[in-house]
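>>> pasting the structure only:
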């Protein structure tokens with residue numbers, strides 16, 4: 001999925017690639033048009049804002065409708081498990097045709113969803129890597145460099161606009177540090193053994209609802225992360241060479257352990273049984289697309305600074321595809337631990353932050369070697385959290401050093417630490433950092449991602465962008481790659497924004 005389509009496009013002659021890319025864009029537009037036509041012409045009596053339970057109840061009542069369809073309709077009907085509703089048409093033939101069309105529509109949407117991560121890792125993420133490498137600096141310099149292809153005055157405008165996604169990185173670092181602080185608190189209490197004997201819900205509520213309850217842990221998290229950056233950005237690579245393999249190993253061990261819990265099979269069914277009816281809710285698609293942006297860190301800021309340290313021999317598209325692949329693997333492995341365990345113990349899989357701090361401790365209290373597994377789990381989570389914080393801090397630090405070259409790296413990192421702690425200590429309760437993270441991730445980050453997408457594909461000159469992308473590339477990207485970015489990736493970013 002991450003390789004086949006780009007490879008097929010890249011081996012085609014230039015004219016053929018352009019035609020194929022055009023057909024992809026046209027196909028996406030036709031799918032969107034089909035949605036509008038079907039809704040307008042047949043007026044589905046389906047309320048996309050139904051609650052999940054109402055949707056399930058309605059699905060059961062409408063399942064018989066599928067049994068009357070033609071064979072192709074029956075096939076898609078089985079796939080859908082039915083959000084399809086009875087359509088009041090004048091004859092059965094039209095009804096069957098619409099059933100088939102709706103099933104085909106959902107099938108096309110599934111394929112489109114699969115393409116989300118493919119598109120972002122093929123176009124959006126490589127563009128950020130390439131811009132960081134081209135400018136040889138962080139966010140502010142990269143935007144200034146991109147806009148400067150339209151003139152020196154435009155470059156100054158770009159430098160100003162680049163401040164927004166940069167601010168997003170700092171804002172999310174402030175909230176993210178609180179989350180990692182909670183994890184450190186859980187790790188310390190697991191080592192001490194108190195978490196294994198306490199009521200997990202009461203334990204979590206005690207410190208997550210009180211102001212200034214985890215200040216020492218907060219200071220350790222922020223100061224410890226900044227200490228790893230004092231040696232320079234290469235320290236991120238050094239620490240991650242140890243942390244990321246350990247993270248995977250720990251979760252693989254936990255996944256094996258969870259597989260032997262009674263009732264875990266229901267969790268696997270929950271994860272891997274499609275619920276096609278939920279695809280009829282447009283917000284599902286918006287949330288999924290937003291998660292793809294967030295998970296791949298296509299924020300118009302964070303990945304730019306990593307690009308600044310990439311060698312000119314690196315193929316940024318290949319690097320981005322590997323990033324997307326292993327990011328997806330990490331998410332699946334983590335889900336294989338948490339979801340089956342929740343089903344084994346009859347706990348809520350939609351509990352949000354309490355999955356880490358209430359649900360999992362409850363599970364670990366009842367299994368052999370639970371304390372050991374709790375320590376391993378929270379160590380892994382700290383590894384993952386610190387690596388993310390490193391990226392957020394480095395993005396801001398590099399840009400400040402570029403803008404104010406007289407500042408030392410030590411002074412910049414100390415300044416970031418003061419800002420992060422000064423703002424973060426006041427929002428240590430879940431009732432404060434929860435809305436803060438929502439604000440940043442729902443509004444600031446998408447706006448930054450959109451600003452970046454527009455800057456690369458609409459403001460920057462095409463030849464300059466392609467030159468940056470093709471530096472070190474094994475296969476040259478041209479008209480198709482640019483068309484996907486300009487006419488597919490940018491509109492998706494705008495929709496999310």
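Thanks, I have it. Values in this document were obtained by computation on a predicted structure and should not be read as measured data.
>>> spatially nearest residue to the most centrally placed residue in the chain, not counting backbone neighbours?
Compute the mean C-alpha point of the chain, and by CA atoms, centre = their mean the closest residue is residue 295, 2.1 Å away. By the measure of CB to CB, 6 or more residues apart in numbering, the closest residue to residue 295 outside its immediate chain neighbours is residue 327, 5.7 Å from it. For glycine as for every other residue, the C-beta is placed from the backbone atoms N, C-alpha and C.
>>> in terms of helices and strands, where is the one you found?
Per DSSP states H and E, residue 327 falls inside helix 316-344.
>>> then residue 395?
Per DSSP H and E, the secondary structure element for residue 395 is helix 370-403.
>>> in the helix or strand that that helix is followed by, what's buried?
On the C-terminal side of helix 370-403, the closest following helix or strand by DSSP H and E is helix 409-424. Buried residues in helix 409-424, counting neighbours by 16 or more other CB atoms under 10 Å, are found at 409, 412-413, 416-417, 420-421, 423-424.
>>> and if you look at stretch 454-470?
By neighbour count with 16+ other CB under 10 Å, stretch 454-470 contains the buried residues 454-457, 459-460, 464-466, 468-470.
>>> which one of those is nearest residue 169?
Out of the buried residues of stretch 454-470, the one with the shortest distance to residue 169 is residue 455. That distance is 16.0 Å, counting by CB to CB.
>>> wait, the closest one touches residue 146, no?
Yes: Residue 455 is within contact range of residue 146, at 5.1 Å (criterion: CB atoms under 8 Å).
>>> what is in contact with the two at once?
Common neighbours of residue 455 and residue 146, counting by CB atoms under 8 Å, 6 or more residues apart in numbering, are residue 158.
>>> packing partners of the strand or helix carrying residue 493?
In this structure, residue 493 is located in helix 490-496 according to DSSP H and E. With contacts taken as 3 or more CB pairs under 8 Å, 6 or more residues apart in numbering; DSSP states H and E, helix 490-496 sits against helix 282-295, helix 445-454.
>>> lowest average pLDDT across the ones you listed?
The stretch with the lowest mean pLDDT among the helices and strands packed on helix 490-496 is helix 282-295, at a mean of 75.
>>> any buried residues in it, and which?
Applying a neighbour-count criterion of 16+ other CB under 10 Å, the buried positions in helix 282-295 are 285, 289-290, 292-294.
>>> what about residue 405, neighbour count?
By the other CB atoms under 10 Å criterion, the neighbourhood of residue 405 contains 7 residues.
>>> phi and psi next, for it.
phi -60, psi -20 (degrees, to the nearest 10).
>>> and it, how far from residue 341?
Here the distance between residue 405 and residue 341 works out to 51 Å (CB to CB, to the nearest Å).
>>> three-state assignment of residue 314?
Put simply, residue 314 is coil when judged by DSSP: H, G, I helix; E, B strand; the rest coil.
>>> how about it: what's its closest non-neighbour residue?
Closest residue to residue 314 in three dimensions, ignoring its sequence neighbours and counting by CB to CB, 6+ apart: residue 472, at 5.1 Å.
>>> re earlier: quick check: the residue nearest to residue 295 vs residue 386, distance?
The spacing between residue 327 and residue 386, counted by CB to CB, is 17 Å.
>>> the more surrounded of those two?
More neighbours sit around residue 386 than around the other of residue 327 and residue 386, counting by other CB under 10 Å; the figures are 21 against 16.
>>> what's near enough to touch the more buried one?
Residue 386 makes contact with 180, 221, 224-225, 228, 239, 243 under the criterion CB under 8 Å, 6+ apart.
>>> repeat for residue 415
Applying CB under 8 Å, 6+ apart, the residues contacting residue 415 are residue 400.
>>> same thing with residue 384?
By CB under 8 Å, 6+ apart, residue 384 lies in contact with 243, 247.
>>> where in the chain is pLDDT low?
Filtered on pLDDT under 70, the chain yields the residue ranges 1-115, 232-236, 239.
>>> let's go with 50 and repeat that
Along the chain, the parts satisfying pLDDT under 50 run over 1-9, 11-12, 15-16, 18-19, 22-23, 26, 29-30, 32-111.
>>> returning to that earlier point: for residue 306, see how far away the residue nearest to residue 314 is.
Residue 472 is 15 Å from residue 306, by CB to CB.
>>> same check on residue 367?
Distance of residue 367 to residue 306, computed by CB to CB: 38 Å.
>>> follow-up on the earlier one: out of the contacts of residue 386, which is most surrounded?
Once you tally neighbours by other CB under 10 Å, residue 221 ends up highest among the contacts of residue 386, having 28 neighbours.
>>> ok, now which ones touch that one?
Neighbouring residues of residue 221 by CB under 8 Å, 6+ apart: 177, 180-181, 184, 385-386, 389.
>>> returning to that earlier point: residue 336: which of the buried residues of helix 282-295 is nearest?
Out of the buried residues of helix 282-295, the one with the shortest distance to residue 336 is residue 292. That distance is 19.9 Å, counting by CB to CB.
>>> which one of residue 472 and residue 306 has more residues nearby?
A direct count of neighbours by other CB under 10 Å for residue 472 and residue 306 places residue 306 higher, at 23 against 17.
>>> quick revisit: can you flag which of the buried residues of stretch 454-470 belong to helices?
Filtering these for membership in helices, criterion DSSP state H, returns 454, 464-466, 468-470.
>>> got those as CSV, with distance to residue 373 columns?
Rendered in CSV, the data for those read as follows (distance: CB to CB, whole Å):
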residue, distance to residue 373
454, 46
464, 52
465, 48
466, 50
468, 46
469, 44
470, 47
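>>> just the closest of the residues you listed to residue 138, please.
Each of these was scored against residue 138 by CB to CB, and residue 468 proved nearest at 15.7 Å.
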